[in-house]
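Undergrad: Dropping the sequence and predicted coords here.
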Amino acid sequence: RAAAAGAAAVASPAAPPAVAPGPVKVAPKGREGRIAFQHDGRTVYEWEQSMEEVNIYVTPPPGVPASALDVTISHRHLRIGIRGNPPFLDEDTGGRVNVEESMWMLDDGELNVNLQKAFKAEMWDAALLGRGEHQLDPLTKEEVRKKLLLERFQEEHPGFDFSSAEMNGAVPDAREFMGGVATAEQMYKAPGPSSL
């Protein structure tokens with residue numbers, strides 16, 4: 001298991017070719033309920049999001065060690081490749097990233113890029129923007145919106161179980177619903193001096 005924080009890279013001599021324009025399909029589910037981005041019948045990456053993070057999963061060629069990977073995480077961009085080769089992915093992210101808290105690791109032959117969201121509970125319509133084909137379809141978008149809202153409810157009310165909660169109608173945005181999400185600064189702000 002290898003990990004690196006902030007900027008790093010992924011590449012190998014047998015790296016898959018960069019994704020070229022063409023017919024693209026967003027598969028609703030990959031492994032473990034992840035959203036799969038596919039191109040020409042091949043899964044390019046899978047991803048999932050929670051209130052605080054987006055995880056992108058890529059399978060590099062077999063036998064590629066973490067030291068050969070070239071992964072660079074920036075506030076609005078992600079590059080993944082194998083050192084000495086053109087990047088496999090080189091795209092803008094679906095939202096702003098807190099680079100200092102983000103990281104990547106190679107575990108059991110799978111690269112996991114963990115992007116910490118700059119804005120808690122912001123729903124990303126795509127992990128990577130690419131050429132616009134990466135957007136969630138409306139049904140999956142509504143499922144993700146529900147998941148984020150239930151995650152927010154669970155965080156705000158830890159004594160309750162929202163795992164089987166049902167929602168009718170359009171699901172509101174978890175970031176804005178009922179006054180919005182409290183930021184860390186708001187939650188831990190020391191009370192100011194009282195005026196008498």
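TA: That came through fine.
Undergrad: Dig out what T93 forms beta bridges with.
TA: Note on T93: beta-bridge partners by DSSP bridges are L128.
Undergrad: And the pLDDT for it?
TA: At T93, the predicted lDDT confidence score is 96.
Undergrad: How far does stretch 96-115 stretch from one end to the other?
TA: Stretch 96-115 has an end-to-end distance of 9 Å (Cα to Cα, to the nearest Å).
Undergrad: Report the distance from that stretch to the chain centre.
TA: The chain centroid and the centroid of stretch 96-115 are separated by 9 Å under Cα atoms, centre = their mean, to the nearest Å.
Undergrad: Average pLDDT for that stretch, rounded please.
TA: Averaging pLDDT along stretch 96-115 gives 97.
Undergrad: ok, and for it, which residues are buried?
TA: 97-99, 102-106, 111, 113-115 (16 or more other Cβ atoms under 10 Å). Where C-beta positions appear, they are placed from N, C-alpha and C, glycine not excepted.
Undergrad: swap in stretch 42-58?
TA: For stretch 42-58, the neighbour count (16+ other Cβ under 10 Å) marks 43-49, 51, 53-58 as buried.
Undergrad: Adding secondary structure and distance to P172 as columns, could you present the buried residues of stretch 96-115 in a markdown table?
TA: Formatted as a markdown table, the buried residues of stretch 96-115 follow (DSSP: H, G, I helix; E, B strand; the rest coil; distance: Cβ to Cβ, whole Å):
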| residue | secondary structure | distance to P172 |
| --- | --- | --- |
| V97 | strand | 24 |
| N98 | coil | 24 |
| V99 | helix | 29 |
| S102 | coil | 27 |
| M103 | strand | 31 |
| W104 | strand | 33 |
| M105 | strand | 34 |
| L106 | strand | 38 |
| L111 | strand | 34 |
| V113 | strand | 29 |
| N114 | strand | 27 |
| L115 | strand | 24 |
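Undergrad: what's the most distant pair in these?
TA: N98 and L106 (21.6 Å; Cβ to Cβ).
Undergrad: tell me the helices in this protein, going along the chain?
TA: Secondary structure of the chain (DSSP state H): helices at 138-156, 184-187.
Undergrad: Quick check: which of the ones you listed is nearest to D173?
TA: helix 138-156 (6.9 Å).
Undergrad: Contacts made by the closest one with the rest, please.
TA: For helix 138-156, the external contacting residues (Cβ atoms under 8 Å, 6 or more residues apart in numbering) are 26, 28, 35, 49-51, 121, 123, 125, 136, 160-163, 165, 167, 170-174, 177, 181.
Undergrad: Which among the residues you listed count as buried?
TA: 35, 49, 51, 121, 123, 136, 171, 174, 181.
Undergrad: now, which of those sits nearest V64?
TA: Of the buried ones among the contacts of helix 138-156, the one sitting nearest to V64 (Cβ to Cβ) turns out to be I35, at 24.0 Å.
Undergrad: from memory the closest one sits against V44, does it?
TA: No: at 11.7 Å, I35 does not count as touching V44 under the criterion of Cβ atoms under 8 Å.
Undergrad: Let me see the contact set for the residue nearest the centre of the chain.
TA: By Cα atoms, centre = their mean, the chain has its centre lying nearest to V54, at 2.0 Å. The contact partners of V54, by Cβ under 8 Å, 6+ apart, come to 47-48, 93-95, 114-115, 117, 124, 127.
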